[in-house]
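**Student:** pasted the sequence and its predicted model underneath.
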Amino acid sequence: MRRRECIAAIGLVALLTMAGCSSEPTPNSIAQCVASNFPSHNAKNKEQCIAACIKCEKGVTTTCATSCYLKGAR
């Protein structure tokens, strides 16, 4: 039983370590990036939404276009 607990603890430490290294931007950092790079940003404007997504969320055109469409940009 002790070995199983040790393996579980090692797995938990590894999981937490990998989660701490995530390169995804936080919502606050995205909002700050959009505000500083696109002062007159209109999230409903498709071109502006895609440009902000590519710059601040490090996306690509295809995924950003889909994301913006789902958010209501036309």
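**Tutor:** Thanks, I have it.
**Student:** so where do the helices sit in the protein?
**Tutor:** Along the chain, counting by DSSP state H, helices occupy 2-20, 27-37, 46-56, 61-71.
**Student:** find the nearest non-adjacent residue to Phe38, please.
**Tutor:** With sequence-adjacent residues excluded and distances taken as CB to CB, 6 or more residues apart in numbering, Phe38 is closest to Ala52, at 5.4 Å. Quick note: C-beta positions are derived from backbone N, CA and C, even for glycine.
**Student:** what's near enough to touch the one you found?
**Tutor:** 33-34, 37-38, 41, 43 (CB atoms under 8 Å, 6 or more residues apart in numbering).
**Student:** tell me how far it lies from Ile10.
**Tutor:** 41 Å (CB to CB, to the nearest Å).
**Student:** show me the shaky parts of the protein.
**Tutor:** Filtered on pLDDT under 70, the chain yields the residue ranges 1-6, 8-9, 11-25.
**Student:** if you set the cut-off to 80 instead, what comes out?
**Tutor:** 1-27 (pLDDT under 80).
**Student:** cheers, nothing more for now.
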